[in-house]
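Engineer: would you be able to build a 3D model of this:
(chains A, B, C and D)
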There are 2 protein chains.
Amino acid sequence: MARSTAQRVAMALRERIEGGELPPGTQLSEEALGRDLEVSRNTLREAFRLLIHESLVEHLLNRGVFVRVPTAADVTDVYRMRTALETAGVRAAATAPAPLRAAVAASVDEGERAAAEGDWRQVGSADLRFHRALAALAGSPRIDAAMDRLMAELRLAFHAMPSPHRFHQPFLQRNRVLAGLLEGNESARAEAELITYLDDARELILDAMREAGR
Amino acid sequence: MARSTAQRVAMALRERIEGGELPPGTQLSEEALGRDLEVSRNTLREAFRLLIHESLVEHLLNRGVFVRVPTAADVTDVYRMRTALETAGVRAAATAPAPLRAAVAASVDEGERAAAEGDWRQVGSADLRFHRALAALAGSPRIDAAMDRLMAELRLAFHAMPSPHRFHQPFLQRNRVLAGLLEGNESARAEAELITYLDDARELILDAMREAGR
DNA sequence: CTGTTGAGGATTGTTGAACAATACCTTAGC
DNA sequence: GCTAAGGTATTGTTCAACAATCCTCAACAG
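Structural biologist: This next block holds a predicted model:
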């Protein structure tokens, strides 16, 4: 038992949330889940704290915890912070260790390979990995952790979209372009491209959310 | 009772930690603190989760929670992330709402006023407020929250310094310069100055930590 | 019909005690 | 001095109970 019970419970809930089994807005009842997962209410509450930290769920006093429902304002703000962290990575690209630079290129390859095979789920996760790799160029554990949380929030927002795969496809090519600029040490151009890239992506998501009636 | 018991307990502990009553490295015993604050162990543990989220304390499995002891690597990393967030604010300065821009100027004034009165504690907190105001120019709640956590961590690091006030003084003037550049909409120069500013500050802290033998 | 008020029931918040699991300290042996 | 075994203190988890709060829904007034 390397992990605590609370951590295992949190992991189980995380899978159910990201798998869509517990869609945004669902209340996580202490009694029902406790019975289901065979843990006490106290332990379950400890697990909730872990998920709150990842902003997968939110806690309303005396009302309980709910799977978060990202609003348009949330998406806008996530992209603001993403832009700050990813540009920080891009700026550090020239002096970043080779393995970190290689990770960027690798995620682009993976995305293209997955697209060729028609595995759109993989395309999406490769895209997230690409952006995480960009921010990771900064070489900062705290930036990495913050990116992880932002990506988790974004995955929640994707639940509100009709076809997430159609969303990722047009960005495959732009990922390739960005990676090329970084390999050529054209940091300034890469940064400018990244900013318009993220602006475009944000608008696409917001459009989709409006269409889905949120 | 607008806040939950756990939140009130967390607040009490936060004060004790930032006030130096519970210095870095101190173990927070569940039994002793529970008796002291007159809450049950379960509630105390919930309070711990809140402080863990603020990275004021850390939790080691089966060993308990301890007031965090920032290492040199922590300080370096905090400054990496600060740089990312504060430069994001500076870049958005030109288009930021007037109240946010006013907050920057106000914090510089406060720092100078406090210095004139010899209130070095106030100088320090005005300095932190200045940097928080810089990041806040980005207009992002998530960036604001992240900055709050970074500043809290930094306050912990200051505990290891002999005289924090001597540290803040030389930066009063540079704050004024930075604020001036922002008011003149010279974002690029402000950004460059901010980066060297943060590099210098980081080195001063690291030097102090080495001297204090950590 | 709209809006307000007030039980009643359900859920969360908190407590205290108990036991299990783990880490730390002490002692015994070599 | 070092390693191994055992005892003790602390944390991890469970359980049952009660208090506090919110939500529902019906009754009622305007």
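Engineer: work out for me the element residue A:39 sits within.
Structural biologist: Assessed by DSSP states H and E, residue A:39 sits outside every helix and strand.
Engineer: quick check, it in contact with residue A:9.
Structural biologist: Yes. Counting by Cβ atoms under 8 Å, residue A:39 does reach residue A:9; the two are 5.6 Å apart. Where you see a C-beta, it was placed from the backbone N, CA and C, and this is true even at glycine.
Engineer: touching the lengthiest helix in chain A from outside, list them.
Structural biologist: Longest helix in chain A, counting residues (DSSP state H): helix A:187-211. Residues outside helix A:187-211 that contact it (Cβ atoms under 8 Å, 6 or more residues apart in numbering or on different chains) are A:72, A:75-76, A:79, A:82-83, A:86-87, A:90-91, A:93-94, A:134, A:157, A:160-162, A:167, A:171, A:174, A:177-178, A:181-182.
Engineer: who's more crowded, residue A:39 and residue A:9?
Structural biologist: When neighbours are counted by other Cβ atoms under 10 Å in any protein chain shown, residue A:9 comes out ahead of the other of residue A:39 and residue A:9, with 23 against 19.
Engineer: near DNA strand C, which residues of chain A show up?
Structural biologist: A:1, A:27-31, A:41-42, A:45, A:59, A:61-64 (Cβ under 7 Å from any atom of the strand).
Engineer: buried ones among the residues you listed?
Structural biologist: Neighbour counting by 16 or more other Cβ atoms under 10 Å in any protein chain shown classes A:28, A:30, A:45 among those as buried.
Engineer: OK, contacts around residue A:161?
Structural biologist: Counted by Cβ under 8 Å, 6+ apart, residue A:161 has contacts A:167, A:205, A:208-209, A:212.
Engineer: can you classify it by secondary structure?
Structural biologist: Recorded secondary structure, residue A:161: coil (DSSP: H, G, I helix; E, B strand; the rest coil).
Engineer: leaving out chain neighbours, which residue sits closest to residue A:6?
Structural biologist: Excluding its sequence neighbours, the residue lying closest to residue A:6 (Cβ to Cβ, 6 or more residues apart in numbering or on different chains) is residue A:46, at 3.9 Å.
Engineer: where's that neighbour, which helix or strand?
Structural biologist: Judged by DSSP H and E, residue A:46 forms part of helix A:41-53.
Engineer: buried residues, that helix. List them.
Structural biologist: A:43-52.
Engineer: and those near DNA strand D, which?
Structural biologist: Applying Cβ under 7 Å from any atom of the strand to the buried residues of helix A:41-53, those adjacent to DNA strand D are A:43, A:46.
Engineer: adding neighbour count and pLDDT, write the contacts of residue A:161 out as a markdown table.
Structural biologist: A markdown table is the format used below for the contacts of residue A:161 (neighbours: other Cβ atoms under 10 Å in any protein chain shown; pLDDT from 0 to 100):
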| residue | neighbour count | pLDDT |
| --- | --- | --- |
| A:167 | 19 | 86 |
| A:205 | 23 | 93 |
| A:208 | 20 | 90 |
| A:209 | 18 | 90 |
| A:212 | 11 | 78 |
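Engineer: between the residues you listed, which sits nearest chain B?
Structural biologist: residue A:205 (16.0 Å; Cβ to the nearest Cβ).
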